[in-house]
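1. sequence first, predicted model second:
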Amino acid sequence: MRIGEIAAAVGLTTRAIRHYHHLGLLPEPARRPNGYRDYGLREAIVLARVKRLTELGLGLDEVRDVLADDAGRELSEVLAELDDDLARQEADIKARRARLAELLRLADEGLLTGEGPVSAGLAELFGRFGPAAAAGSPTAAKDLEHLALFDATLAPDRRDRVYSALHQLADDPELAARVRALYARLDELADAPPDDPRVEPLGRDLAAVVPEDFLAALTEGQQDEEGAERPGHGGAFGEAFLDDFAPAQAAAVRAMLGHLGDRTGWTP
């Protein structure tokens, strides 16, 4: 058989067969007097085996190991390894689809911000807050954006502790009402100067609603073993965070951080 004929017989392209020759997967057959390769049944059997192995998901290097007489690995070993890898991929795909299903549900209910996709923990937290969480409050909407930022920057275990601590804000109707009132007061400072007399009382009241568990999770590991400040706590990041607010709002947030520092010994 010529290369086109064997390619058609085993369901491969002539380009693939030439590539297999180049990689050493298929030995060169004898050639006819005119220089064309002359393929026989043995080459067709090898090509069919290569095709089956690649369809199972083996890479060409793994196929070479299986085909080589001195590969040192049994076919059953290679296939078991492939099966384990596919099982891991299958579990990962199931987990990703479950997360996407939750995000789609939240999107359908109007609970997902434009900053998504977000982690399952934050998606669940948005679901607890409900669609009216940021309704009518620019500052509340901004805080949801900040949460989406933290979602991408905090370590997963620490991030989940932060969200768990915030559940009480979402689940306690009285506390949730206090938080909405505080957001309204922040909104009122949008055009005020930083020395507005409402700033300091608001900072104190904001600090009063911050859950202890939330503060502990957020400030955990503020310094490394040498006492140097770690990224994400104060510094340039903290200044950028405050710059996202209007001047009087930023002053109120600074006052809140000061009160939290007095309460816990944390240095913001």
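-> Everything's here; your move.

2. relative to L202, how far out is the closest residue to S137 other than its chain neighbours?
-> Excluding the flanking residues, the one nearest S137 by C-beta to C-beta, 6 or more residues apart in numbering is Y183, at 4.4 Å. Heads up, the C-betas are built off the backbone N, CA and C, glycines and all. Going from Y183 to L202 by C-beta to C-beta, to the nearest Å gives 11 Å.

3. got a list of what A208 touches?
-> Applying C-beta atoms under 8 Å, 6 or more residues apart in numbering to A208 gives the contacts H259.

4. domains of this protein?
-> Domain ranges of the chain: 3-71, 74-108, 115-264, per automatic domain parsing.

5. in a markdown table, list the ones you listed along with mean pLDDT.
-> Listed next are these as a markdown table, based on pLDDT from 0 to 100:
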| stretch | mean pLDDT |
| --- | --- |
| domain 3-71 | 87 |
| domain 74-108 | 77 |
| domain 115-264 | 78 |
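
6. doesn't T14 make contact with G4?
-> Yes: the pair G4 / T14 is scored as a contact, 5.8 Å apart, by C-beta atoms under 8 Å.

7. which strand or helix spans the nearest residue to P138 once chain neighbours are set aside?
-> Leaving aside its sequence neighbours, P138 sits nearest to D187 (C-beta to C-beta, 6+ apart; 6.0 Å). Assigned by DSSP states H and E, D187 belongs to helix 173-188.

8. list the buried ones in that helix?
-> Residues of helix 173-188 classed as buried: A176, V179, R180, L182, Y183, R185, L186 (neighbour count, 16 or more other C-beta atoms under 10 Å).

9. ok, which stretches of the stretch 51-200 of the chain are helices?
-> Along the stretch 51-200 of the chain, the segments classed as helices by DSSP state H, counting those that start in this stretch run 60-67, 75-108, 120-129, 138-153, 156-171, 173-188, 199-208.

10. deepest of these, which one?
-> Ranked by mean neighbour count, those are led by helix 120-129 with a mean of 20 (mean count of other C-beta atoms under 10 Å).

11. follow-up on the earlier one: separation between the residue nearest to P138 and L79?
-> Distance of D187 to L79, given as C-beta to C-beta: 63 Å.

12. summarise which helices and strands the helix holding D187 is packed against.
-> Helix 173-188 makes packing contacts with helix 138-153, helix 156-171, helix 199-208 when contacts are defined by 3 or more C-beta pairs under 8 Å, 6 or more residues apart in numbering; DSSP states H and E.

13. ok, which of these comes nearest K51?
-> Evaluated with C-beta to C-beta, these place helix 156-171 nearest to K51, the distance being 41.4 Å.

14. can you pull the contacts of the residue nearest to P138?
-> By C-beta under 8 Å, 6+ apart, D187 lies in contact with S137, P138, T139.
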